[in-house]
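Kindly generate the corresponding structure for this input.
(one chain, ligands or ions: 2)
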Amino acid sequence: MMLRALFAVWLLITPKFSQDPPPEQPTNIILVIGDGMGLAQIALAEYLTKPPSPLAQMEVVGLQKTHSINNLETDSAAAGTAMSCGVKTFNAGVGVGPDSIAVKSIMELARAKGMKTGFVVTSSVVHATPACFYAHSQSRATYEIIASQLVNSGMDLFVGGGAKYFKDRYSDGIDLLKVLEQKNYSILTSDGLNIQSDLASIPLQNKIACFTAFEDPLRATQGRTYLPEISVKAIDALEKRADKGYMLMIEASQIDWADHANDQEWLALEMQDAYSMLDVVLKKVKEDDNTLLIVTADHECSYMSLKGKRSPRVEFNTKVHSSQMVPVFATGPGAEEFLGVYENTAIFEKMKMLLGL
Ligand code: MG
Ligand code: ZN
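Ligands and ions are numbered 1, 2, ... in the order given. Presented below is the predicted three-dimensional model:
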């Protein structure tokens with residue numbers, strides 16, 4: 001009894017040296033998602049691009065488990081929902097839990113706190129990955145509903161294809177581009193290869209919608225190169241508009257499409273495009289001490305492996321997604337939170353905690 005009492009006193013008076021200091025808190029978060037970008041896809045880029053590799057300059061590496069609630073092989077909707085909303089859901093579910101009820105996304109929470117939000121993708125803007133950050137639907141295929149939700153989301157900036165879901169709507173005939181204008185969006189278009197528009201000349205009170213294609217954006221193999229430059233312009237545009245920080249999601253969307261197609265040339269160019277984007281985004285992030293950069297994937301695709309002696313040769317083993325874990329790279333304030341092995345839902349939890357949402 002005496003011993004136990006002494007032990008209790010010792011516990012009370014002993015300083016808690018073992019407790020970690022609270023993590024540094026970022027003002028801004030940039031989340032980069034390579035759709036279908038597993039380790040072999042990354043290794044391909046590492047062998048094809050000149051050092052220094054942007055990923056080799058990241059401070060922290062972790063691993064995330066990508067399975068959905070009922071399938072080891074997730075799709076981009078369930079994996080996107082896990083990272084954006086913190087819940088495991090069924091494949092095809094966008095921003096909803098397993099009961100199909102909407103769950104608030106990290107960007108919705110951020111906007112409610114006065115942060116600015118945006119995304120840049122090389123798919124259409126209503127495709128599953130970006131949709132998980134602003135929409136709620138039982139099915140990723142409800143593109144026109146998802147487009148309406150984007151228009152009403154309050155997203156400060158978005159870049160990607162899919163103008164047809166706003167302009168040529170089967171369901172209601174409403175011209176959502178006009179509605180966007182009424183909601184104070186500056187609407188930009190591009191030739192699909194580059195984006196000539198200078199976002200810096202857009203009045204600061206305006207939001208920005210930039211359409212890079214009527215349907216899906218071009219492939220990297222067709223000369224599409226807009227991702228690196230527009231990503232930096234998007235960071236600048238959000239930075240100038242944000243007095244309480246911003247969150248930007250950048251997706252290299254078509255890595256997955258090249259995986260599905262089992263097309264090495266296409267995959268190589270999409271990975272090199274992603275690396276060019278990472279080079280300039282990382283450089284930008286290093287200019288300040290307030291921005292956390294996270295780079296990860298939603299899942300691997302094609303159970304890819306690399307062969308070859310002098311130059312890498314890709315071996316695709318399936319045409320579908322795999323259950324492999326995917327890496328998470330982080331650099332900037334709070335980066336150390338991303339060490340270790342965790343579920344994809346932890347990406348949401350960690351971002352939420354770091355932003356104090
Ligand atoms: Mg995607
Ligand atoms: Zn896929």
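
List the contacts of stretch 221-240.
28, 30, 116-118, 120, 122, 156-157, 159, 190, 192-195, 198-200, 202, 204, 208, 210, 212, 217-218, 246, 248, 250, 252, 265-266, 269, 273-274, 276-277, 279-281, 284 (C-beta atoms under 8 Å, 6 or more residues apart in numbering). Just so you know, the C-beta spots here come from the backbone N, C-alpha and C atoms, and that holds for glycine as well.

now stretch 251-265
When contacts are defined by C-beta under 8 Å, 6+ apart, stretch 251-265 is touched by residues 32-37, 41, 76, 119-123, 127, 129-130, 160, 217, 219-221, 227, 266-267, 270-271, 273-274, 277, 301-302, 304, 313-314, 316, 319-320.

Narrow those to just the buried residues.
Neighbour counting over the contacts of stretch 251-265 (16 or more other C-beta atoms under 10 Å) leaves 32-37, 41, 76, 119-123, 127, 129-130, 160, 217, 219-220, 227, 266-267, 270-271, 273-274, 277, 301-302, 304, 314, 316 as the buried ones.

The one residue in the stretch 251-357 of the chain that gets nearest to ligand 1 and His260: what is the separation?
Of all residues in the stretch 251-357 of the chain, Ser253 sits closest to ligand 1, at 4.5 Å by C-beta to the ion. Ser253 is 12 Å from His260, where distance means C-beta to C-beta, to the nearest Å.

Which one of those two is surrounded by more residues?
Between Ser253 and His260, Ser253 has the larger neighbour count (other C-beta atoms under 10 Å), namely 28 against 17.

quick one, what contacts the residue lying closest to that one once chain neighbours are set aside?
Among residues not flanking Ser253 along the chain, Ser123 sits closest, at 3.6 Å (C-beta to C-beta, 6 or more residues apart in numbering). Going by C-beta under 8 Å, 6+ apart, Ser123 touches 35, 129-130, 160-162, 216-217, 251, 253-254.

Just the ones of those in helices?
129-130 (DSSP state H).

Would you point out the most distant pair within the contacts of Ser123?
Asp35 and Gly162 (15.2 Å; C-beta to C-beta).

Name the residues of stretch 222-235 that come out as buried.
Across stretch 222-235, burial judged by 16+ other C-beta under 10 Å covers 224, 226-228, 230-235.

and the residues you listed as JSON lines, adding secondary structure, pLDDT and distance to ligand 1?
Formatted as JSON lines, the buried residues of stretch 222-235 follow (DSSP: H, G, I helix; E, B strand; the rest coil; pLDDT from 0 to 100; distance: C-beta to the ion, whole Å):
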{"residue": "Arg224", "secondary structure": "coil", "pLDDT": "97", "distance to ligand 1": "15"}
{"residue": "Tyr226", "secondary structure": "helix", "pLDDT": "96", "distance to ligand 1": "16"}
{"residue": "Leu227", "secondary structure": "helix", "pLDDT": "97", "distance to ligand 1": "13"}
{"residue": "Pro228", "secondary structure": "helix", "pLDDT": "97", "distance to ligand 1": "18"}
{"residue": "Ile230", "secondary structure": "helix", "pLDDT": "95", "distance to ligand 1": "17"}
{"residue": "Ser231", "secondary structure": "helix", "pLDDT": "97", "distance to ligand 1": "16"}
{"residue": "Val232", "secondary structure": "helix", "pLDDT": "97", "distance to ligand 1": "21"}
{"residue": "Lys233", "secondary structure": "helix", "pLDDT": "96", "distance to ligand 1": "21"}
{"residue": "Ala234", "secondary structure": "helix", "pLDDT": "97", "distance to ligand 1": "17"}
{"residue": "Ile235", "secondary structure": "helix", "pLDDT": "98", "distance to ligand 1": "20"}
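
Need the single longest strand in the protein, by residues.
Of all segments of type strand in the chain, defined using DSSP state E, the longest is strand 116-124.

Report the distance from it to the chain centre.
8 Å (C-alpha atoms, centre = their mean, to the nearest Å).

So for it, mean pLDDT?
What strand 116-124 shows for mean pLDDT is 98.

mind listing what it pairs with, with the direction of each?
Strand 116-124 has its sheet partners listed here by DSSP bridges as strand 157-161 (parallel), strand 246-252 (parallel).

Any idea which of those gets closest to Gly93?
That would be strand 246-252 among those, by C-beta to C-beta, at 18.1 Å.

After that closest one, which helix or strand is next? Please name it.
The helix or strand immediately downstream of strand 246-252 is helix 255-260, counting by DSSP states H and E.

Extract the CA atoms of that next one and return them as CSV.
Listed next in CSV are the C-alpha coordinates belonging to helix 255-260 (Å, rounded to 0.1, in the frame of the first residue of the first chain):
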residue,chain,number,x,y,z
ILE,A,255,-0.9,8.3,-64.2
ASP,A,256,-3.8,5.9,-63.4
TRP,A,257,-5.2,6.0,-66.9
ALA,A,258,-1.8,5.1,-68.4
ASP,A,259,-1.6,2.2,-65.8
HIS,A,260,-5.0,0.9,-66.8
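
Now that we have the contacts of stretch 221-240, which of them are buried?
For these, a burial check counting by 16+ other C-beta under 10 Å picks out 28, 30, 116-118, 120, 122, 156-157, 159, 190, 192, 195, 199, 202, 208, 210, 212, 217-218, 246, 248, 250, 252, 266, 269, 273-274, 276-277, 279-281, 284.
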